[in-house]
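Engineer: starting from these lines, generate the structure:
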Amino acid sequence: MSNVRTPPSAWPVDYWLVLTMVALMFLGLTMVLSSSLAISEQRFGQSTHYFIRQALALGLGVAAGWLVFKTPIHFWQTHRGKVFIFGLLLLALVLIFGREIGGAKRWLPLVVMNFQPAEFVKIAAIIFVAGYLQRHLSAVQEDFNAIMRLSLPFGLMALLLLFQPDYGTTLLIAAVVTAMLLIVGAPWRYFVLTIVPVLALLTVLIVYSPYRMARVASFLDPWQDPYGTGYQLTQALIASGSGGWFGTGLGASVQKLLYLPDAHTDFLFSIFAEEFGFIGVVGLLGLYALLIIRMFKIGRAASESENRFPGLLVYGIATWIALQVMINLGVNLGLVPTKGLTLPFMSYGGSSLMMLCVAMALVLRVDFEQRAGSLPPLAADTTKKEGAHDAA
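Structural biologist: The predicted structure follows:
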């Protein structure tokens, strides 16, 4: 472990980031309790079932985050390939031993909870790409082959995710990786050659899947079948519109009373909008904006050091959270089709909350080491020396 010391008078990490993160966590717990009272009572005979499980996941996430925070960033830079391979192994195991819920096999049954490996893979992918870009930055900016070398590991990852199936996570990781490549200066023209074929493949998969075509159709016009394929979205829109300026008040939502299915998960934002209104939504978006801005500030400060890995790591995590917030809000407001992605720190989902705690611990560790002047030294760009053999 690191022996880094900081001056007693100095904050070891960004306190605004910590306060914002804690505020979102406790707001999330409050909304999980509020939105799940009815469905929890119906399914388990007690109104706090989902709240207790979410609180347990938060406790485990904070414990895991503390361990990650105590681990030097150099450890993740050194073992990035192993972390990514472990993520692929988890994705393979879930296809064999996973628990199927709602037609998707995405969860590994553990002793105390069902764990979703796709949430861990988000972090593993960001660590892997940050390390790759650190080693091959010059080649990525000049040579298309340097980008194509990522197609093998990420193609395998995408296949394992699509077999679950989990289109939302696949698209999210692809978007985050693309953003990280653009941040380091990879030419736009490269992405036309890579993104267009991927979008074409996904379009074909949707067209030849009646289930997914129905979801797209309900997204385009949910009121065409408001009691069938469009039921969940119409109920979410009713909830969002019912809040008005100031909301109905905490706990006073009507749509959570078994009208909006599983309101505590992907559609928790609609219940929040109903109970807190437009003013509350603006406040929530302000918290997310502050969280993302502080992370990008940390990433920029870390990128100004000799080693780009910590900065790219923070940029990747910040982009992931920002995109997931936008996608979830888009789903709740009928702007994008349902993707099955949680609202970070808010929606019910133990795996998501735990991995977000781990991700934020990585960000805080980067900030801690940057403030203490102990970020790892620059690893040389070895692309030209090693050729195309090292994609790790």
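Engineer: please enumerate the strands of this protein.
Structural biologist: Secondary structure of the chain (DSSP state E): strands at 99-101, 104-109, 114-115.
Engineer: how about these, which one is nearest F191?
Structural biologist: Checking the strands of the chain against F191 by Cβ to Cβ gives strand 104-109 as the closest, at 28.0 Å. In short, each C-beta sits where N, CA and C put it, glycine included.
Engineer: tell me the strands beside that closest one, with direction?
Structural biologist: strand 99-101 (antiparallel), strand 114-115 (antiparallel) (DSSP bridges).
Engineer: right, so those: which one is the most enclosed?
Structural biologist: Each of the strands paired with strand 104-109 was scored by mean neighbour count; the highest is strand 114-115, a mean of 18, by mean count of other Cβ atoms under 10 Å.
Engineer: give me the contacts around that strand.
Structural biologist: R99, W107, L108, G350, S351 (Cβ atoms under 8 Å, 6 or more residues apart in numbering).
Engineer: and if you look at stretch 93-106?
Structural biologist: So stretch 93-106 is contacted by 107-109, 114, 116-118, 160, 163-166, 211, 340 (Cβ under 8 Å, 6+ apart).
Engineer: repeat that for stretch 240-250.
Structural biologist: Here stretch 240-250 makes contact (Cβ under 8 Å, 6+ apart) with 30, 34, 254-255, 269-270, 273-281, 332-333.
Engineer: ChimeraX command for the buried members of the residues you listed?
Structural biologist: Per 16 or more other Cβ atoms under 10 Å, the buried members of those correspond to this ChimeraX selection:
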select :30,34,255,269,270,273,274,275,276,277,280,281,332
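Engineer: now, the contacts of stretch 240-250 that are in helices?
Structural biologist: 30, 34, 269-270, 273-281, 332 (DSSP state H).
Engineer: rewinding a little: now, of the contacts of stretch 93-106, which are buried?
Structural biologist: W107, L108, Q116, P117, A118, L160, Q164, P165, D166, G340.
Engineer: sorry, back to before: make a markdown table out of the contacts of stretch 93-106 and add distance to S151 and pLDDT.
Structural biologist: Conversion of those to a markdown table gives the following (distance: Cβ to Cβ, whole Å; pLDDT from 0 to 100):
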| residue | distance to S151 | pLDDT |
| --- | --- | --- |
| W107 | 28 | 83 |
| L108 | 27 | 85 |
| P109 | 32 | 85 |
| N114 | 31 | 86 |
| Q116 | 25 | 92 |
| P117 | 21 | 92 |
| A118 | 20 | 93 |
| L160 | 15 | 92 |
| F163 | 18 | 86 |
| Q164 | 20 | 85 |
| P165 | 20 | 82 |
| D166 | 19 | 84 |
| Y211 | 28 | 63 |
| G340 | 25 | 77 |
